[in-house]
Structures are given as C-alpha cells and as structure tokens.
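Engineer: Provided below for reference: sequence and predicted model.
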Amino acid sequence: MYSHGSESFIKQARGIQEPELQKFYSRLIKLLQGKELGHETIDSLQRLHLILSATKYTRTLPTDLQNRLVSLLSSPVEQLQVLSSAVLRETLPPAGQEANYSQDISSQLNCHTASLLLAQAGSQDNLSSLCALLLRSLENRPSDGPNHSATRTLPIVNTILTHSPQCLTEDQVTLLSKKLVDWLRYASTTQGSGASSGGFFTGSRSRQPLPIAELDGTVSGDFFTVLCVGQGFTEDQWMNVYSFSVLRHWLLTFQSVSSGSIPDIDDRSEIDGSVVSMVSATSSSSRLLPPKERLREKAFQYCQRLIEQCDRKAQKRTDTDLQKACLIEAVCILDCVCVEDASMVYRAFPCIKALFGRLSSDLSFARVLLPVAQFYLNHGEMAAVDCEAMWRLVFGRFPAELFNDPFLAHELLRFLRLNLESLQLQVPQYTRHFPNLLKFLAWDSPAVVDDFVDLLPSLVTSGTALELLHTLLDLPCLSATLLLQLRSMCLPISESGGRSLASMDAFRNPSFRGLFLFLLRGEAGSGDTIDRLNTLLELLSEAANWPRVVQCAQTVPILLHIFFNTIITVADKALLGQVILVLLERSSLLLNIPKYIIEIHRVFSRQLLRLCKLHPTLVMDQSHELLDFAGATSNVYSKEEIYTHVVWALGEYLSVSYDSRCSVKLITSCFEALEAVLFEITSSAPPPGTGCPAPRVITTLMNALAKLASRSHDLIPRVSLFLSKMRNVSRSGSVSWCADEEDLVSIVTLGEELWSLLKMPGVAQSVLNPPPHVATPQWHRDTNVAMPLQLRTLTRLTQAHASHAQHTPASPSAHTGT
Amino acid sequence: MVRCFIIHTVCPINALAPGESRVLYSRVFGPDEAVFHGGQQRQLTPQERRLLSAEKVSVVARQVHSAVSMCRDASGRPLMETLPGEETLALQDADSGVVRLRSGDPFSEETSVLWMAVQSLGFVLVCEPHENLLLAEGTLRNLTRQCLEHLHMLGQGSEVLLKSNRIDVLLSRLLPHGQLLFLNHRFAQSLEKDVAAYMNK
C-alpha cells in the first residue's frame, strides 16, 4: 500500500531546489494564463500542492501566481476550485486579506472557497463577516436546484460555533433558529425529482409526486426526517438532514444554563423561560413561543418521531446502523432539551423508559443505552424513576460481556469520568463493581489506561481497598482468563497443538472452576483473594508471554502508584498495616512475567518505605510478620529489593524513640534474626542457581544490626565480634559470596567503620539514631547547621587550590574530590 | 464536529525512527484553534500557525501508530495482503479503535481519535468530545472504503499523494467542513454518485 515510490515523491517534493521551483512556478503561470485548462494544468497544480504540503515550513508563492489562483477559486470547473483552495491553504494569505471577506463573492462562495476562508481566518471579525455573508446569501438566494448552496451554510456556521460562538449576533441566531424549525418540522413530504429510474417517461408533470417512505418500505404518515427515503430529494429535505446533523451542537452552544458566552440571549430567555415553560407543556400553543423555545419544542417532536421510527426493521444494513446512531443522537438531544427546560422531563421520560425496556436485553444496543443512562442520571431523580436496572446493566452486564468492544469501553469509561461526582452521590455502590470495570483494562490496557488513571482514585475506598490491591496485582491473570474465556466460547473442542492447550484445559476443568470464577467476578465483597492463588498462577504460567497479558502487566505499576497515592488519604493506620501485610504476602505470589515481578517489587519497596516513613509505628504493629520475612534467608535471593527495604525499615524504626512499646526483648529477637541471615549469607557460597547476594543487602544488614545494637548495648559485643571476623575473612582474598573485589572492599570498609563506631556506644547511639532535626538539615535556614556546610566548602576550595598549585598544568591530576 | 481527517502510515519506514509515521494526507477543518484558544499567549504569525497545526497532526499520527501496533500485537492476527478489487475484504479485516487525547495534548480540548488501520495505512478522524461516535465510526468506515476504491490504494500506487484533490472532494460531500451527516442509504447514494461523477472526469 505504501510503496517506495511514495517515499521518493515526498523526498523530491521536500528537496526541490529554489531555481527549479522558480522554473516550475513560471511554467505554471503560463499554463494558467491559457484559455483551456487541461490535464497538464491539473497535474501541475496537484504537484504544486504536494510541494507545498510536503514540508511544514511555509513557502510563499510569487504574487501573480497567487492572484491567478485566487481567481481560480470561482472557476466553473470544480477540480480547479478544489486545487486552488488546497494550494492556497498551504501558503500564506495575501496581504490584502480583509478584502476577501467583504467582496461580493456571495454568489461564488462555494464549499472550497469557504474552507479556505475558514482556514485562514485570523480573528473573530473575519468569522463574523463570513457568517454575515453566509446568512445573507441564505436569505437572498433564489431557489437554485441542484447546487444546494444553502446546504453549505449550516456546516460552516456549526464549525464557527465550535471555536467562536460570539460570531453570531442575536438576530442571526434568531433567524437561524426560525429556519431550523422550518427545515426540521416542515420539509416536504413528497419525493423530489429523483434520478432517472423510469427513463422513458420524462417530465414530472406526467407523474403524481410520490409520498416519502419509511425505512421498512411503508408509506410515511408523518413529517420528514433523516430516516425517510425517496427516489430523489427536494432541497428542503436536504436541509432537514443538515439541520438534524447540526442540531445537538446548536442546542448545546446556546444553552442558557451552562454557557456564559451569549449574555444577551441568556438574560432574555431566563426571564421568559419561567413563563414559557408552563406553555410548552402543550405543544399546540408552540406557535406563540419565542424562536429558541420553539426550536426546542420542534427538536423534541423530531426526536420522539425518530425513536418511533427506529422500531421499524430497516431493509438495508447501513440503515440499521444509522438507526442506532439516530437513537443515540435523539436521546442526547432530549437530554439536552430537558436540561434546559425541566418541565419537558415528564413528557420525555415515558418515551425513554419504553426505549430502555425494548433495548435492555439486547447487547448489540449497548452503546445506545449509554446516553439513556446519562438521561437517567440527569433526570431520574426528578422523575422519581427507579434506575436500579439501568445501573445493573451499565456496571454489571456491559463490562462483563462487552469488555472487548473498544468503542463501548471508551464511551462507558468516558461516561464514568464525566459523571464521577453525580455517580458518587446517586449511585455510590458503583465502586463495588471495580472487578467488572477492570476487565476493560485487563483486555485492552494501552487504550484505556489513561481513563483509569482518572477513575482509579474514586474506586479506592477503605472498605474494598485490600481486595482492590489484590485485584490490581492479578490483572495479568484476569487478562489471561478473559482470553481463555473468549477462546473457549469460540472453540468447542480444544485444538490439538493449539497454543493455549494447558491453560485452556485448566480453564475447562471443573475442579479449578472456582479459581477462574473468582477472577471473573463482577462485584467486590466476596473476599479479598483466594487461598489457592499459587495454583492459579501455576495454571496460567504459560500465559506469561501472551502479548495481551504482557501489555496489561506493563500498566500495573502505574496503577499501583495511583492506588497508594490515594490509599494514604483514605485509610487509617490499621488498614495501612494490613496493606503492608498484603505487600509481603504477594511479593511471592505474582504471575511469572520476568520484568513484571521486578517492577512490582520495586513499587512495593518504594511504597513500603513511604508507609513506614508516614507512620513509623506501623513497623512495631507488624513487627511479627516483618521479622518472619526478614528472617527467611531465601528472601535475600528471591526478593532482594523488598528484603533490603524491610531490613532498613526494621533497623530504622524499631526503636523507643519512634514507638514507646518497643522492648529490649523485641530488639534482641530482631537482632538475632538478622544476625542469623547475615551469618548464613556471608559464610558460604550462594545456593546453586542464584547469584551472589547484592552488596547492598549485606551493607543494609550490617547497618541495621549496628543500629539495633546501639539501642541495646548488650548486643554490641556480638556485632563487634562478627565485624572483626568479617575483616579477617576478607584478608584471605576473595570470598564465595561476593564476586566483585571493589564491592568486597566497600563492605569490609563499612564493617571497620561500624566496628570503630561501636567502640564508643554513646557516640554510636547518636550517630546511628539521629534525632529528626539532624536528619533533615535546614541548611541556610538554620545558622547552627549551616556552619559545617561552610567549613566543608572552604576546606574543599583550599585543598583544590593547594593541589592545583602542587601539580604542573601538564600532568593530569589523579586526585578526585572528597 | 470532526477536527481533522488524517491518512498516515502505520508500518515501519526505513527513513524514519521506529514509531514515527509519514502523514500522507491531512485536512484540518474549520478555523485554526490556535487563533481562538490561544488565551494570553501572543498571537502567532500564519507561518507559526501552520507549523503548529502540522505538529499537532504529527502528534496524532504518532499516537495512532502506537495504538495500532499495540492492538495488532495483542490480537496476534497475521496481516493479510489484499489485492486491488478486494476493498470490502480489506475493510472487514481492518483493525479499528479509539484513543482518548487529553486536553492540551495536542488540541486545546479533549478529543476522541477514531482510527481504522488497513494494512500499512491508518485512517483517522479526530472528533470533539460530545460527538456521536457511532455515526463517526460509520462515516470513517465509509470514507476509508471510498478512499481505497477511488485512489486504488490496495495496489502499489501513490495516488494518495498525487490525487489529493479527490480526497478533498470526497470530504466536501461526506464530511463538509467536518460536519458528520445522518445519511440514510438514499442520501448516501446520491452523494456518492456525485463523487463518482467527479472522479471520472
């Protein structure tokens, strides 16, 4: 599809040199001056467009070429209009730009000229002039048949409204509102002069105009809508289509409730609105309404008719899809209208409720039901309607059965994001459905992780936090399970040689059913996790290299960070203690995707540290489990990162200054546990299959032991003995538990430092357990502490100066800084 | 409203870094948002505006390229080459999805980017948040089919670069100024006949 030829075209266009370009320009000007503009001209114009658009730096055309192109905008040949508009869009507007807007080109304001004017509009005034031009042409135009010049107006106005609604004056808004009402409600109900279907009989006088038909072929009995068909269409029927297409945006833009951009219209309708809303309850008196309210009423009627029409079975597939799109639009417009005028809720609700009843059991209409859910959320309370069934559908069936529909996922998650506050008020139980909602994430993480970054904080509640943590850690398993579920529905018999043979068998095996069903549950509350998690992990071990599972695993660390950021704000200390226990427990219960385990351990370590820093007494509370963890030598090798941090936390926070409950007995038992591990890992080679323990683990253990000893001086002799043994060992050369000689030197140096420090217990105590104000220096804020900094800086400067003076400039100094 | 329609590559290109894609066609609808959403920034010159617009299009293309690669990796389906004439088949086989772009990244408002990937090319509609995405999806599918047919994209040709005026006309009928239209099969037929008449000239 994309060939080498295309690449070279682009390169050529970018790399064209100035002289060649000028030659091309002159040739083109000559071509354009000719009377007949044939294929060569078209091709050259196209080439010019390619040259201009291939680079993001704007080229300027010679003036006469530019002027000639501007004149081509009104050429009768559409190709020339298109090409000149496209070329001019890629270059700078001419100096006299304002002239374009005030010229009387209203009769020649074709689609392509208009898009050029739009693209180059530099200010709101430009757009206002363009609007004025368009609306004038709308009023003045003679009814030109096939040109459909009026149809251009609405899309252009609509796009201007997106960026600058203030461009339309109040009068223009009123004019367009009136026209929209006419086109929507009063378009012809007979077919226009269509394409030649009965070619022998010419002249429309010989035939009676046929009435329009519905999509299922029956004759239409009501006003024309986008769901009506005919052999050909009249102009106002085209305008009906365009009007409906712009209607929602129009209503949203001029909503007096939310937007503050049109102050005049706002004020008026707010006063009128309260009077008028009584009147609008009966549609027969709608002729008395001001234009804005009348448009709302007609929009209401149009949407109701559309909803009825969608009940018919369309003959063509594309029309069935259109019916769904029309349903969505109709419900959205009704919602918009009801937000503006609350009295319409009572008229709208029966219709919407009936729609829900019709569609709720058909999953292919799921996307249609989301706007219905929005309607229920906005107006359900007012109409005192029970919305239970709706929420069961949105939070229950949809995620559980349609998790693999990317568009539904996008729209449902968007619905949640936009209505988070209302949902928390009206449907607070939605947070219990996080196992279901996370299915979207498990299936297609890259597409929806951004949405979950926004949604996850609201799902973290103190009641379900632990279960949520387990579920997040099991996301890759959920991903694998969803894949198996889908596959098992598609393949009745497992294929021989199929890639998921083992796990598929496990999935279908009744004795493992419960495990998978737990992962696939829809609601929280049935337990934090399962006992046989390790069995499940084994069964899914071959899923560790499935691409979807790997993609899912990559997003888990981000979500965990968000989880922890939120949990510290909602949880009490007891819950945080339990979170720590979950961290310790799950560090060995993760799906064996290589990078996944390392990443999760890293997150765990960081968060453990953070929790302990926030609440140092947690270490005391969970000391039993932490000691168990720290006392297991195997953890040094398999969970090095977490182990290091646990040991550090124990050494740091297991002290009376942090928690008065800390007893000598506890310190001693901790000391013994750590000592045993340190002794074991430094006295023999690591077990076969594992590498040497990281030097950081050893130094952390040493530091922790020293800290503990400094708090309970009886332990000092034991530490000193160990440290001096360490020194002797290293003197004999290399050791089996440390591969790198430099590392060994660092370890031994640390040992010596600690040994000398512990010879002075009092000093050791203050050095190893510094009070907080020493550990968090104030630097320049505290004159007492700033002095050491000054001294050190001075020392370094004088030393550097001295060493510089000592060495000749030519010789490289081997001295590195302190 | 649709903000823009883009056709870009989703296959690796030798001359570019991995993940980068070549934008073959881009059309931004309506006035330039940099003029009206600039806020307190100084007004940009037209050259700067055009540059900014091109950069935004590249950002979208990059995001879609990444989404397409991830989606294809995850589904693990092998890419099937289809021949000219098999446009419907190519369309059935195509991957599609939607990406959410946050406000500011790169457009001033949040946008939903619908994409459709047919072999090595991606077709993208950047829609505003309150858009009817089901209608947009149908429109994108229709546009893609028409582009594949009228520009003979399933072959080796480079007509997407050399015949961009055809795409302009297609858009002017089916997506005028970025407006999505509710077209039943009759209206659609009428417009498509109009388009076909243009293409045959």
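Structural biologist: Everything's here; your move. Remember, it's a predicted structure, so these values are computed and weren't measured experimentally.

Engineer: and the longest helix for chain B?
Structural biologist: helix B:46-75 (DSSP state H).

Engineer: Beyond that one, next helix or strand please.
Structural biologist: Downstream of helix B:46-75, the next assigned helix or strand under DSSP states H and E is helix B:87-93.

Engineer: Within the helices and strands, which one has A:Val748?
Structural biologist: Take DSSP H and E as the rule and A:Val748 turns out to sit in helix A:741-758.

Engineer: could you point out which element follows that helix?
Structural biologist: helix A:761-768.

Engineer: rewinding a little: quick one: mean pLDDT for the helix holding A:Val748?
Structural biologist: Mean per-residue pLDDT for helix A:741-758: 89.

Engineer: Which secondary structure elements does the longest helix of chain B sit against?
Structural biologist: helix A:445-459, helix A:547-570, strand B:2-9, strand B:23-28, helix B:33-36, strand B:95-101, strand B:111-118, strand B:121-127 (3 or more C-beta pairs under 8 Å, 6 or more residues apart in numbering or on different chains; DSSP states H and E). To be clear about C-beta, it is placed using only N, CA and C from the backbone, and glycine gets the same treatment.

Engineer: Quick one: find the helix or strand in chain B with the lowest mean pLDDT.
Structural biologist: Least confident element among the helices and strands of chain B, by mean pLDDT, DSSP states H and E: helix B:33-36 (a mean of 80).

Engineer: just checking, what packs against it?
Structural biologist: Against helix B:33-36 (3+ C-beta pairs under 8 Å, 6+ apart) you get helix A:149-163, helix B:46-75.

Engineer: which stretch in the ones you listed has the least confidence?
Structural biologist: What stands lowest among the helices and strands packed on helix B:33-36, in mean pLDDT terms, is helix A:149-163, with a mean of 84.

Engineer: picking up where we left off before, most tightly packed of the helices and strands packed on helix B:46-75?
Structural biologist: strand B:121-127 (a mean of 27; mean count of other C-beta atoms under 10 Å in any protein chain shown).

Engineer: Let me know the next secondary structure element after it.
Structural biologist: Strand B:121-127 is succeeded, C-terminally, by helix B:133-150 (DSSP H and E).

Engineer: Helix or strand next in line after that next one, which one?
Structural biologist: helix B:159-162.

Engineer: Report the rounded mean pLDDT for that next one.
Structural biologist: Regarding helix B:159-162, the rounded mean pLDDT is 86.

Engineer: hmm, that helix touching chain A?
Structural biologist: Yes: applying C-beta under 8 Å from any C-beta of the partner chain, one finds helix B:159-162 touching chain A at B:160-162.

Engineer: Output stretch A:50-66 as PDB, restricted to C-alpha atoms.
Structural biologist: Provided in PDB are the C-alpha atoms of stretch A:50-66 (Å, rounded to 0.1, in the frame of the first residue of the first chain):
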ATOM      1  CA  LEU A  50       2.400  18.300  -3.000                       C
ATOM      2  CA  ILE A  51       5.500  20.500  -3.000                       C
ATOM      3  CA  LEU A  52       3.800  23.000  -0.600                       C
ATOM      4  CA  SER A  53       2.300  20.400   1.800                       C
ATOM      5  CA  ALA A  54       5.300  18.100   2.000                       C
ATOM      6  CA  THR A  55       7.200  20.500   4.200                       C
ATOM      7  CA  LYS A  56       5.900  22.100   7.400                       C
ATOM      8  CA  TYR A  57       7.800  25.300   6.600                       C
ATOM      9  CA  THR A  58       5.600  27.600   4.600                       C
ATOM     10  CA  ARG A  59       6.700  28.600   1.200                       C
ATOM     11  CA  THR A  60       5.500  31.900  -0.400                       C
ATOM     12  CA  LEU A  61       4.300  31.900  -4.000                       C
ATOM     13  CA  PRO A  62       5.000  34.700  -6.400                       C
ATOM     14  CA  THR A  63       2.300  37.300  -6.300                       C
ATOM     15  CA  ASP A  64       1.000  36.800  -9.900                       C
ATOM     16  CA  LEU A  65       0.700  33.100  -9.300                       C
ATOM     17  CA  GLN A  66      -1.100  33.700  -6.100                       C
END
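
Engineer: Tell me the gap between it and the middle of its chain.
Structural biologist: Counting by C-alpha atoms, centre = their mean, to the nearest Å, stretch A:50-66 is centred 37 Å from the centre of its parent chain.

Engineer: Flag every buried residue along it.
Structural biologist: A:50-54, A:56, A:58, A:61, A:65-66 (16 or more other C-beta atoms under 10 Å in any protein chain shown).

Engineer: ok, back up a step: buried members of the residues of helix B:159-162 next to chain A into ChimeraX, please.
Structural biologist: Selection of buried members from the residues of helix B:159-162 next to chain A for ChimeraX, criterion 16+ other C-beta under 10 Å:
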select /B:160,161,162
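
Engineer: can you tell me the distance between the two ends of stretch A:379-386?
Structural biologist: 11 Å (C-alpha to C-alpha, to the nearest Å).

Engineer: A:Trp755 touches A:Ser720, doesn't it?
Structural biologist: Yes: the pair A:Trp755 / A:Ser720 is scored as a contact, 5.7 Å apart, by C-beta atoms under 8 Å.

Engineer: My read is that B:His150 contacts B:Tyr198, right?
Structural biologist: No: with contact defined as C-beta under 8 Å, B:His150 does not reach B:Tyr198; the gap is 9.3 Å.

Engineer: Need the residues touching each of the two.
Structural biologist: Residues touching both B:His150 and B:Tyr198 (C-beta atoms under 8 Å, 6 or more residues apart in numbering or on different chains) are B:Arg166.

Engineer: tell me the contacts of the closest residue to B:Val57 other than its chain neighbours?
Structural biologist: Nearest non-adjacent residue to B:Val57, counting by C-beta to C-beta, 6 or more residues apart in numbering or on different chains: B:Ser26, 4.6 Å away. When the contact criterion is C-beta under 8 Å, 6+ apart, the partners of B:Ser26 are B:4-8, B:54, B:57.

Engineer: What residues are bridge-paired with B:Ser26?
Structural biologist: Residues in a beta bridge with B:Ser26, per DSSP bridges, are B:Ile6.

Engineer: tell me the contacts of residue 192?
Structural biologist: Answering for chain A, as no chain was given. A:230-235, A:237.

Engineer: wait, I meant chain B there
Structural biologist: So B:Glu192 contacts B:146, B:173 (C-beta under 8 Å, 6+ apart).

Engineer: in what helix or strand does it lie?
Structural biologist: helix B:185-199.

Engineer: Show me which residues of that helix are buried.
Structural biologist: Applying a neighbour-count criterion of 16+ other C-beta under 10 Å, one finds B:185-188, B:190-192, B:195, B:198 buried in helix B:185-199.
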